[in-house]
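In: Structure for the following, please:
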Amino acid sequence: TVGWMSDLNSFSATDANKFFQEYYVPSNMVIGLAGDVKPAEAMPIIEKYLGRLPAHDKPDERNTVEPPQKSERRVVLQEMSQPLYIEGYHRPDYLSKDDAVYDAIADLMSNGRTSRLYRALVRDKKIASDSAGFTGLPGSKYPHLFAFYAFPIPGHKPEEMEQAIRAEIERLKKEDVTDEELKMIKTRARATLVRGLSDNAGLAQQLAFYQARYGDWRELFRSVDRLEKVAREDIRRVANQTFTQENRTVGIIETAVESGDGKGGAQ
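Out: Next up, the predicted model:
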C-alpha cells in the first residue's frame, strides 16, 4: 500500500518469506486477550496454536541515523490535483523525554474545530478547507516529523497557507498557552484513554501495543500521567527548539490546468 511498483518488482517471493520469517516470530510478538477470560481455560488454547511456532532470535534493531538538517528544503509539484501546503520539522522518536509535549502541541493546534489552526485558517480567515498540525509522520518508532498542512480553498494559494501557519507557529513560540487551553488538552487525553478502553477489542489492542512498544503495558496509563505534567513553558521551549527554519522541509502542490494544446499547464 506504500511505495512503488518497482519495489514489488525488485524482490522475490523468497525475499518476502525471509522478511516474514525474521520479524513475525514469537520473540517479536505480543498477544493481548481481554474480556470474560479464564486463564486456566485460555492458556492451553493459546499454547496449542501458538506454541508450535519455532523459536527465533529477536530481529536486529540496529538502524542508521539521519544527520541533522542544516537548511530549509523546499519542493514544488505541479499536479492535476487539489493544491496543498505542508511543512515538516524533524523531531526525536517516541522515547524522547518531550514526546508528551509534542502530543500536547498537536492537540492544541489540531484537535477539532476549536483548535488554533482550524479557527485561524478555516473559520476566521476563510482561506482553507482544512488545516492541522500533527506528530508521527510517517511513524513514531524512529525519529520522524512534526508536520503542519492546509488545503487552500478556490481563490487562495499555498503561499497564503504558509504565511498563516507560520503566524500560528510564531505565536506558539512567543506566547504561553492559556490555562484553559492546557486544561482542555489534558482533559481530552484522559477522555481518549477511557474511550479507547471501552470495549474488549480496544482494551486488548491498547495493552498489546504498549507492551510491544515500551515493554510494559502500564505505559498506557503513564502516557497520560506524562501529559498531565506538561507545563506551558515546556510547550514554548519545544516549539522554539523544533520549529526553526534550518529544521524545516516544505512541500507545495500547485494545481496544474489543461492548456489549449492538451498539455498540462501550471496554475
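
In: show me what contacts Ser96?
Out: Tyr102 (C-beta atoms under 8 Å, 6 or more residues apart in numbering). Where you see a C-beta, it was placed from the backbone N, CA and C, and this is true even at glycine.

In: Walking through the chain, point out its strands one by one.
Out: 73-79, 84-91, 128-137, 144-152, 248-258, 264-266 (DSSP state E).

In: for the longest one, packing partners?
Out: Spelled out, that is strand 248-258. Judged by 3 or more C-beta pairs under 8 Å, 6 or more residues apart in numbering; DSSP states H and E, the packing partners of strand 248-258 are strand 73-79, strand 84-91, helix 158-174, strand 264-266.

In: how about the ones you listed, which one is nearest Pro39?
Out: Pro39 sits nearest to strand 84-91 of all these, at 40.6 Å, using C-beta to C-beta.

In: looking at the protein, which helix or strand does the model trust least?
Out: Of all helical and strand segments in the chain, the minimum by mean pLDDT, DSSP states H and E falls on strand 264-266, at a mean of 49.

In: So Ala147 versus Ala208, what's the distance?
Out: Plainly put, Ala147 is 27 Å away from Ala208 if you go by C-beta to C-beta, to the nearest Å.

In: Where does pLDDT dip in the chain?
Out: 1, 258-267 (pLDDT under 70).

In: Swap in 80 and give it another go.
Out: Along the chain, the model assigns pLDDT under 80 to residues 1-3, 257-267.

In: Could you chop it up by domain?
Out: When the chain is parsed with the TED database, its domains come out as 5-51, 73-255.

In: show me what contacts the closest residue to Tyr210 other than its chain neighbours?
Out: Once flanking residues are discounted, Tyr210 sits nearest to Leu220: 4.3 Å by C-beta to C-beta, 6 or more residues apart in numbering. By C-beta under 8 Å, 6+ apart, the residues touching Leu220 are Leu193, Gln206, Leu207, Phe209, Tyr210.

In: so can I have CSV of the residues you listed showing distance to Ile105?
Out: CSV is the format used below for the contacts of Leu220 (distance: C-beta to C-beta, whole Å):
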residue, distance to Ile105
Leu193, 19
Gln206, 23
Leu207, 27
Phe209, 22
Tyr210, 22
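
In: closest to Met80 among the residues you listed?
Out: Phe209 (38.5 Å).

In: roughly how far is stretch 175-189 from the heart of the chain?
Out: Averaged C-alpha coordinates place stretch 175-189 at 20 Å from its chain's average position (C-alpha atoms, centre = their mean, to the nearest Å).

In: neighbouring contacts of it?
Out: The contact list for stretch 175-189, computed with C-beta under 8 Å, 6+ apart, reads 103-104, 107-108, 111, 114, 224, 227-228, 230-233, 235-236.
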